[in-house]
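J.: Just a sequence and a predicted model for now, questions to come.
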Amino acid sequence: MWRRAITPEVRERIEALDLPFNRWGLDPYGVSKEHLGFFFSTLGFFYHHYFRVRAYDIQNVPDRGPVMLISNHSGGLPNDAGMIIASLFFAHEPPRLGHGMVEKFAQTWPFMGPLFSRVGQLPGLPEHATRLLRDGRALLVFPEGARGTGKLYRDRYQMVRFGTGFMRIALETGVPIVPLAFIGGEEAIPTIHHSKTLAKIFNAPYVPITPYLLPLPLPVHCEIHYGEPMQFTGTGNEPDDVIEGYVAQVKERIEQLIA
């Protein structure tokens, strides 16, 4: 039944992906053409109609080859990740599959782990990130982690401390970093409180509470601003102060894109 929900546009763009699918429609990571069809047909509704996303300067993302996309985390739930991945698929020419790093707690939800993998979203482990980049993939990273989506509305667009692991991986693999800013997520889910009780039930670090109680996203217009690629030189074994200096440059550029 769900195969009939796959739009012709999605089918055409899946065929245009530069991925080594075998005759069964699977790539070496287990990404499935069929699952991508349903995934992007669903994301397409939210991207085109619900959030009415506009992607600016997406040509800064290379047409092919490894790239690390570094973004702020915006909103109480990871809507930003879905819309960024959708922009790479729908707005970039040629389409690219963005691989996100899924938080470990989300992998424990029933049936979700295998589904994430079928659409190219893998557990957030350094070895996964390194392998994806060495295979020429586009990797999406949120250095704020779950703390980023956990911000309250009063702290919107004030980025918390970035982790530094992404920079060591970028240096080790020699890939360019494309900074980007996601705008609109904080307004879509205006978090005013966190429920610890619900968080325990869902095995999550937090569950956002909004003025209308449920953390359902509002149909807010969203924008994605892609910055020019940044290239850093090193091996990934540099002292912490050097790595932190590089990370600060990326964070500063994202702050400029937000502003």
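T.: Here it is on my side, so go on.
J.: okay, CA-based contacts and neighbour counts for the rest of this
T.: Fine.
J.: Output stretch 15-25 as CSV - backbone C-alpha positions only.
T.: C-alpha atoms of stretch 15-25 as CSV (Å, rounded to 0.1, in the frame of the first residue of the first chain):
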residue,chain,number,x,y,z
GLU,A,15,17.4,7.2,-9.2
ALA,A,16,19.6,10.3,-9.6
LEU,A,17,21.4,9.6,-6.2
ASP,A,18,25.1,8.8,-6.7
LEU,A,19,24.9,5.7,-4.5
PRO,A,20,26.0,2.1,-5.3
PHE,A,21,22.7,0.3,-5.1
ASN,A,22,22.7,-3.4,-5.9
ARG,A,23,20.1,-5.1,-8.0
TRP,A,24,17.9,-5.5,-4.8
GLY,A,25,17.9,-1.7,-4.3
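J.: so how far is stretch 204-211 from its chain's centroid?
T.: Mean-position distance between stretch 204-211 and its chain equals 20 Å (CA atoms, centre = their mean, to the nearest Å).
J.: Pull the residues that contact it.
T.: For stretch 204-211, the external contacting residues (CA atoms under 8 Å, 6 or more residues apart in numbering) are 76-77, 105-106, 146, 150, 189-196, 198-199, 214-215.
J.: Now do the helices in the stretch 51-200 of the chain.
T.: For the stretch 51-200 of the chain, the helices defined by DSSP state H, counting those that start in this stretch cover 79-90, 112-118, 126-134, 146-149, 165-173, 185-188, 196-201.
J.: What's the separation between the nearest residue to Arg118 once chain neighbours are set aside and Val119?
T.: The spatially closest residue to Arg118, leaving aside those adjacent along the chain, is Val31, at 4.3 Å (CA to CA, 6 or more residues apart in numbering). Shown here: Val31 relative to Val119, a distance of 5 Å by CA to CA, to the nearest Å.
J.: Neighbour count: the two, which is higher?
T.: Shown here are Val31 and Val119; by other CA atoms under 10 Å, Val119 has more neighbours (24 against 21).
J.: and the longest helix for the chain?
T.: helix 240-258 (DSSP state H).
J.: who are the neighbours of that helix, in terms of helices and strands?
T.: helix 165-173, strand 177-183, strand 223-226 (3 or more CA pairs under 8 Å, 6 or more residues apart in numbering; DSSP states H and E).
J.: closest to Ile243 out of the ones you listed?
T.: helix 165-173 (6.8 Å; CA to CA).
J.: what bridges to Glu223?
T.: In this entry, Glu223 is beta-bridged to Arg54, Ile183, by DSSP bridges.
J.: Give me the neighbour count for it.
T.: Glu223: 21 neighbours (other CA under 10 Å).
J.: And it, how far from Tyr56?
T.: In terms of CA to CA, Glu223 sits 8 Å off from Tyr56.
J.: where does the stretch 51-200 of the chain have low pLDDT?
T.: 104-113 (pLDDT under 70).
J.: at 90 instead, please
T.: Scanning the stretch 51-200 of the chain for pLDDT under 90 picks out the ranges 74-78, 102-117, 123-124, 145-151, 153, 155, 191, 194-200.
J.: looking at it, Leu36 is touching Val119, isn't it?
T.: Yes: using CA atoms under 8 Å, Leu36 is in contact with Val119, at 5.4 Å.
J.: Number of residues surrounding Val242?
T.: The burial count for Val242: 12, using other CA under 10 Å.
J.: returning to what we had before: any chance of the helices and strands packed on helix 240-258 in TSV, plus distance to Met68?
T.: Listed next are the helices and strands packed on helix 240-258 as TSV, based on distance: least, CA to CA, whole Å:
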stretch	distance to Met68
helix 165-173	7
strand 177-183	5
strand 223-226	12
